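> Here's my sequence, what's the structure:
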Amino acid sequence: MSIRLWHQSSTELQSQAYQDLLLRRASLLASEGTEVDLHGVAPGTWPEGERRLGVYECPYTNLMIQAQCARNIIDAEDRGYDAFVSTCFEDPGLRAGRSMVDIPVVGILETSILVGCTLGRSVALIGTSPSQADRIGNIAYENRLDARVACVLGTDPLGPGIIDGASDGGKRAMAEFERVARVAIAQGADVLIPAEGIINVLLADLGVTDVDGHPIVDSWAAVLRFAEMAVHLHRKTGQVPSRQHNNGKVDRDVAHQMAASTAAVLAR
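Okay, here's the model as predicted:
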């Protein structure tokens, strides 16, 4: 039986090279009969010339990304997708979106840590800046996954041109990741998680699977296959998200009315 996955990026997916890389990985990793449809945030979300990480560092603009992703989770169910897959390591909008749907909703940070726990006693999350590392560390703490996280570190800014592993930018990205990975290993990490989408897919595409014998989680592969597993569980057992302890589900019309009123306020 076929599976349709809504793949959500927090970028606008304007880079054709990045899209091609994701589709190539999907064709290698997805089971036969699984369709992976790429989606980004709405065009114009990222102001021209604005630093992407700067938008995430601001709680207000970060909330705008979360709201888009949460709404897209609802759209995914309404359009007949079998699962929603977030490949942004900030896992934006996941809890809010899960509260409104019955289909599986999986996030790459949460999944990566869970998979990493099957490979070793402790994992390291390696982001692409100190500020991003701080945010993903907080998310791990809020989700009560931090007990298995040895450390959360950030690389120096990687800059443009890292999509192509043969480019100078790609080579710098790999070298910088390996440098920080060795710091994480010295701090007790058994397993390494490249906690940023592009660098994660780049390393996997180039066949880089470990640093000094410490396994690297291919997070994009993990979240894709985890989503397939969740779909099978949902179909076979009827498993749905918990509606307890402030995870309640409201009527869809009520949620849409509140969203429309909020959009009007934000547009003032």
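> pull the CA atoms of the one helix or strand F226 maps to into PDB?
F226 is part of helix 219-237, with elements assigned from DSSP states H and E. This file holds the C-alpha atoms of helix 219-237, laid out as PDB (Å, rounded to 0.1, in the frame of the first residue of the first chain):
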ATOM      1  CA  SER A 219      18.900  12.200  10.400                       C
ATOM      2  CA  TRP A 220      17.200  12.700   7.100                       C
ATOM      3  CA  ALA A 221      17.100   9.000   6.500                       C
ATOM      4  CA  ALA A 222      16.000   8.300  10.000                       C
ATOM      5  CA  VAL A 223      13.100  10.700  10.000                       C
ATOM      6  CA  LEU A 224      11.900   9.400   6.600                       C
ATOM      7  CA  ARG A 225      12.000   5.800   7.600                       C
ATOM      8  CA  PHE A 226      10.500   6.600  11.100                       C
ATOM      9  CA  ALA A 227       7.600   8.300   9.300                       C
ATOM     10  CA  GLU A 228       7.000   5.200   7.300                       C
ATOM     11  CA  MET A 229       7.000   3.100  10.400                       C
ATOM     12  CA  ALA A 230       4.600   5.500  12.100                       C
ATOM     13  CA  VAL A 231       2.200   5.300   9.200                       C
ATOM     14  CA  HIS A 232       2.200   1.500   9.400                       C
ATOM     15  CA  LEU A 233       1.500   1.700  13.100                       C
ATOM     16  CA  HIS A 234      -1.300   4.200  12.600                       C
ATOM     17  CA  ARG A 235      -2.900   1.900   9.900                       C
ATOM     18  CA  LYS A 236      -2.500  -1.300  11.800                       C
ATOM     19  CA  THR A 237      -3.300  -0.200  15.300                       C
END
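> I'd like the next helix or strand past that helix.
Following helix 219-237 toward the C-terminus (DSSP H and E): helix 252-266.
> Pull the residues that contact that next one.
For helix 252-266, contacts defined as CB atoms under 8 Å, 6 or more residues apart in numbering pick out 71, 74, 100. No exception for glycine: its C-beta is placed from N, CA and C like everyone else's.
> who's in contact with the last one?
Residues touching M100, when contacts are defined by CB under 8 Å, 6+ apart, comprise 70, 73-74, 249-250, 252, 255.
> Among these, which one has the most neighbours?
Most neighbours among the contacts of M100, by other CB atoms under 10 Å: I73, with 24 neighbours.
> I figured that residue hits P104, correct?
No: in this structure, I73 is not within contact of P104 by CB atoms under 8 Å, at 10.4 Å.
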